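K.L.:
Have a look; sequence and predicted model below, questions after that.
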Amino acid sequence: MPNPIPFVDLRSDTVTKPTPEMREAMFSAPLGDDVLGDDPTVIKLEETAAARVGKEAGLYVPSGTMGNQIAIACHADRGDSILAEENAHILYYEVGGPAILAGVVTRTVPSVNGVMSPEAIESRIMKRSLHTPGTSLIAIENTHNRAGGTITPLSTMKEIKAIGDSHRIPIHLDGARVFNASVALGVDVKEVTQHVDSVSFCLSKGLRAPIGSVLCGSSDLIEKARVWRKRLGGGMRQSGLIAAAGLYALDHYVDRLAEDHQRARDLATRLNCLKGLSVDMATVQTNIVMVRTESAAQEWANHLEAKGVKCFAFAANQLRLVFHADVDDEGVKIVAQAFQDISSSTQ
Ligand code: TLP
């Protein structure tokens, strides 16, 4: 039996479904065997993505996780250390990948709302010695997921890059949502990515493609990355079929991310007026809203689900709401009403 309740799904921006136009682009894409290097659509996506973020080359990978892990493995040798923000996706959600795959030690860096200070980074850099695992990579996450979609400002990125350069340490950007950052800042994405040596961005989040991310960097890095992708079993064959969706997304769905940001702000403002809830508006910068709940967040999530709204409890007293193209103004109204009903009946 189909569920009669029309769900508004705020669990993640990964839940978007490809549009009819995107499916049409997939259907008509020219294909080849990409492991053999002859899928024209994948080649076009990789070239387009690299040009878009101002890097020499790109590699289409099945997921953002694989993009990050390959980048770490390419930049660092076994036994090295890398620096990452303490709640970074590569630490929190990639199931120990850096230790298992690249074989590196991860040193964590504290932050304010996901933004690491350049001083905090510099003070954690380790020299290579008989005793210490030399730092060979600094990872930034922009926007920052667990901090609530927050943006690391361009000036901070520039300072971090200068520190990296002075210690000859490359910077990798987990740019799963880097287009959310550039759209919110009102700048070309290159303004963000100019401050990093490699960037992995997701096509399958706010950009609405069903599958895939692109890792971009120097031609040498991407050559190594291609070997790592094969090693991890990420070499795909007629993957132009799905790459076509990514190309369509880059052409058509970047600018509309601003709508998701506006809806996130609208809803956050409304929730802040309700009993039992609060939102730190300073962190509502893109498409994610972290809601603090006085009572257990999981109970809120259960009540919301009964009213047709899906979201995740991200911590004991925190809900995460993620906006995306499949949530329109009507969806925002449904969500606001559900929160209001629960607030007035339980608080
Ligand atoms: N994030 C997912 C979950 O894994 C938490 C989500 O729903 O937000 N970097 C960042 C910053 C991410 O938020 C994610 C996915 C990834 C990397 C990994 O992307 P995938 O899921 O394609 O491996």
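P.N.:
Yep, that arrived.
K.L.:
got the residue ranges for the strands in the stretch 151-300 of the chain?
P.N.:
Taking DSSP state E, counting those that start in this stretch to define them, one finds strands in the stretch 151-300 of the chain at 171-174, 198-202, 213-217, 277-278, 288-293.
K.L.:
how about TSV for the ones you listed, with distance to T16 added?
P.N.:
Quick note: C-beta positions are derived from backbone N, CA and C, even for glycine. Formatted as TSV, these follow (distance: least, CB to CB, whole Å):
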stretch	distance to T16
strand 171-174	20
strand 198-202	11
strand 213-217	15
strand 277-278	26
strand 288-293	15
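K.L.:
any chance of those strands in TSV, with mean neighbour count and mean pLDDT too?
P.N.:
Compiled in TSV, the strands of the stretch 151-300 of the chain are given as follows (neighbours: other CB atoms under 10 Å; pLDDT from 0 to 100):
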stretch	mean neighbour count	mean pLDDT
strand 171-174	27	99
strand 198-202	29	98
strand 213-217	29	98
strand 277-278	18	97
strand 288-293	23	98
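K.L.:
between those strands, which one is nearest to P118?
P.N.:
With respect to P118, and counting by CB to CB, the nearest of those is strand 171-174 at 11.3 Å.
K.L.:
Does anything pack onto the closest one? Which helices or strands?
P.N.:
Counting contacts by 3 or more CB pairs under 8 Å, 6 or more residues apart in numbering; DSSP states H and E, strand 171-174 is packed against helix 64-75, strand 135-141, helix 154-167, strand 198-202.
K.L.:
Stretch 253-260 - what's its average pLDDT?
P.N.:
For stretch 253-260, mean pLDDT rounds to 98.
K.L.:
Ok, stretch 219-234 next?
P.N.:
Here stretch 219-234 scores 98 as its mean pLDDT.
K.L.:
quick check, that stretch touching the ligand?
P.N.:
No. Judged by CB under 6 Å from any ligand atom, stretch 219-234 stays clear of the ligand, getting no closer than 11.3 Å.
K.L.:
Pull out the buried positions in that stretch.
P.N.:
221-222, 224-226, 228-229, 232, 234 (16 or more other CB atoms under 10 Å).
K.L.:
Over to stretch 48-56?
P.N.:
48-50, 52-55.
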